[in-house]
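Visitor: Requesting a structural model of the entry that follows:
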Amino acid sequence: MQKVPLTTAKYIPTYIFVTSLFLLWGVAITMGDVLNRHFQKVLHVSLADSGLVQFSIFGAYAVMGIPAGLFMKRFGYQKGVLLGLGLYAVGAFMFYPAADSESFGFFRLALFILACGLATLETVAHPFSAALGPEPTSEQRINFSQTFNGVGAIIGPALGGYFILKEVPTGVAAQDLVSVKLLYVIIGAVVAAVAISFAFIKVPPLTDAHNSETAELNPVERGLFQNRHFVWAAVAQFFNVAAQGGTWAFFINYGVTNMPGMTDEAAAYYFSFSMVMLLVGRAMGTYLMRFIRPNRMLAIFAAGNIVMCLIVAQAWGWVSFGALIMLNFFMSIMFPTIFGLGLKNLGEHTQRASSFIVMGVVGGALFPPLMGKIADVNVAHSYYLPIICYLVILLFALRFSKPTVARKVERVG
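Guide: Reported below is the predicted structural model:
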């Protein structure tokens, strides 16, 4: 396979900034899983109801995916990023009144607004990253950016474990929520500062990285949904984030339930360590894609997670807990690789396609409450469910990830 540079000099400053966005939403997504456990204890919600935290976060992707894509198409990548950061900051600041009211519903509204910002950033940042260099390395570019999403995913549960789940004397619920509101106010201030900084960045003219092969592979005009690989990418992303959302939502519960003596705080730190494995997997996968085709790497990692889920569900002490940690290693390349494969050769449809693939993230809203119902009975057995998701991803990788050539239709008369 011919080696092509990751990006070029003129794009490096913008690419660095866009990559930092991946870190910011990595923090927010995994902090939601810490909040899931905290609300169970402080606001006295069941495991099934605590899954509504993920419903609020990932449900925002279904609502915001298309509007974010339309906004990006009309106003460009830079203003799309500013919109996403603005919503992110507003949602974070809303945690202050939500904590004062001690309302699970208010917290979910704040998470929904924050996640609308995350959905906007994801809709914009993936094609933005893909456009900042040559087409053959677009998946590598997105995977490299997603590596910093892994850094954010490490930071999120570590912050949550220390500031939110740290053991404190039993007190009033409002007191237990003080650290939550202060932490999110700080996060909101950081995000607002990043938005102000990006407003002054000069973005160079961009060429769609996924447009270069369109003329060769698609000799006739075709609609977006005629591209089978795109449709399957959206389906695969739905199941990928469904598995991710469920796995992360009940990681801390699994540790506390199946590992004798493990506290919430300790489980949160193990969750953070599992994100180190996600980072390692993403870095390793990005490198190996220089030698192994992305769809084949995706298939290998999907098969690995099927095996890990089977081991986790057996509740074999540290063996199963180790497999739970390794789920993130094999999960690492899935989101960006599915995204990159789905955007291949779509030309003018790329931005719309990005919106629909981001909408697939709604799987993370629907799956955790379902896993939670099983987890209320047996947390370990709930990990059988993600196997269904990884089978769909495996099928996409092996059969439906390659762009197809449109057949030219001859007109008579």
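Visitor: Would you mind writing the CA trace of stretch 261-279 as CSV?
Guide: Provided in CSV are the C-alpha atoms of stretch 261-279 (Å, rounded to 0.1, in the frame of the first residue of the first chain):
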residue,chain,number,x,y,z
GLY,A,261,-14.6,-4.7,48.3
MET,A,262,-14.4,-2.4,45.2
THR,A,263,-15.8,1.1,45.9
ASP,A,264,-17.5,3.4,43.4
GLU,A,265,-14.4,5.6,43.4
ALA,A,266,-12.1,2.7,42.7
ALA,A,267,-14.4,1.4,40.0
ALA,A,268,-14.3,4.9,38.4
TYR,A,269,-10.5,4.8,38.3
TYR,A,270,-10.6,1.4,36.6
PHE,A,271,-13.0,2.9,34.2
SER,A,272,-10.5,5.6,33.5
PHE,A,273,-7.8,2.9,33.0
SER,A,274,-10.0,1.1,30.5
MET,A,275,-10.0,4.4,28.5
VAL,A,276,-6.2,4.1,28.5
MET,A,277,-6.8,0.8,26.7
LEU,A,278,-9.1,2.6,24.3
LEU,A,279,-6.3,5.1,23.6
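Visitor: how distant is whichever strand or helix holds Gly246 from the center of its chain?
Guide: Using DSSP states H and E, Gly246 maps to helix 228-249. How far helix 228-249 lies from its chain's middle: 10 Å, per Cα atoms, centre = their mean, to the nearest Å.
Visitor: What are the buried residues along that helix?
Guide: 229-249 (16 or more other Cβ atoms under 10 Å). In short, each C-beta sits where N, CA and C put it, glycine included.
Visitor: Got phi/psi on Ala315?
Guide: Main-chain torsions, Ala315, degrees, to the nearest 10: phi 60, psi 50.
Visitor: Just the C-alphas of stretch 289-296, formatted as PDB.
Guide: Provided in PDB are the C-alpha atoms of stretch 289-296 (Å, rounded to 0.1, in the frame of the first residue of the first chain):
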ATOM      1  CA  MET A 289      -4.100   0.800   9.000                       C
ATOM      2  CA  ARG A 290      -1.000   1.700   7.100                       C
ATOM      3  CA  PHE A 291      -0.600  -2.000   6.400                       C
ATOM      4  CA  ILE A 292      -4.100  -3.500   6.900                       C
ATOM      5  CA  ARG A 293      -7.200  -2.200   5.200                       C
ATOM      6  CA  PRO A 294      -9.500  -0.300   7.600                       C
ATOM      7  CA  ASN A 295     -12.500  -2.700   7.000                       C
ATOM      8  CA  ARG A 296     -10.400  -5.700   7.900                       C
END
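Visitor: Check the average confidence over that stretch, would you?
Guide: The predicted model assigns stretch 289-296 a mean pLDDT of 88.
Visitor: Make residue 1 into 537 and carry on from there
Guide: Noted, 537 is the first residue going forward, which turns the last one into stretch 825-832.
Visitor: Now it: buried residues?
Guide: Those would be Met825, Pro830, Asn831, for stretch 825-832 by 16+ other Cβ under 10 Å.
Visitor: taking these one by one, which sit in strands?
Guide: Secondary structure from DSSP state E places none of the buried residues of stretch 825-832 in strands.
Visitor: Next, format these as TSV and append distance to Ala819.
Guide: Shown next, in TSV, are those (distance: Cβ to Cβ, whole Å):
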residue	distance to Ala819
Met825	11
Pro830	15
Asn831	19
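Visitor: which one among these gets closest to Gly759?
Guide: Checking those against Gly759 with Cβ to Cβ, the nearest one is Asn831 at 23.3 Å.
Visitor: Grab the nearest non-local neighbour of the closest one.
Guide: Nearest residue to Asn831, sequence neighbours excluded (Cβ to Cβ, 6 or more residues apart in numbering): Ser937, at 4.3 Å.
Visitor: Which residues lie in contact with that neighbour in this structure?
Guide: For Ser937, the contact set (Cβ atoms under 8 Å, 6 or more residues apart in numbering) comprises His765, Trp768, Ala769, Asn831, Leu834, Leu877.
Visitor: Contact partners for Val660?
Guide: Residues in contact with Val660 (Cβ under 8 Å, 6+ apart) are Ala604, Met608, Tyr613, Gly616, Val617, Gly620, Ser890.
Visitor: I meant to write Val848 there.
Guide: Contacts of Val848 by Cβ under 8 Å, 6+ apart are Tyr790, Ser856, Ala859, Leu860, Leu863, Ala916, Tyr919.
Visitor: What is the burial count for the second one?
Guide: Neighbour count for Ser856, taken as other Cβ atoms under 10 Å: 21.
Visitor: May I ask which helix or strand encompasses it?
Guide: Remark: Ser856 resides in helix 854-867, with elements defined by DSSP H and E.
Visitor: Which elements pack onto that helix?
Guide: Applying 3 or more Cβ pairs under 8 Å, 6 or more residues apart in numbering; DSSP states H and E, one finds that helix 854-867 contacts helix 764-785, helix 787-794, helix 800-824, helix 830-848.
Visitor: For Leu560, which phi and psi angles does the backbone take?
Guide: Dihedral pair for Leu560: phi -60, psi -40, per degrees, to the nearest 10.
Visitor: Tyr624 versus that one, what's the distance?
Guide: Computed as Cβ to Cβ, to the nearest Å, the Leu560 to Tyr624 distance reads 7 Å.
Visitor: returning to what we had before: so for Val726, which of the helices and strands packed on helix 854-867 sits nearest?
Guide: Of all the helices and strands packed on helix 854-867, helix 800-824 sits nearest to Val726, with 18.8 Å by Cβ to Cβ.
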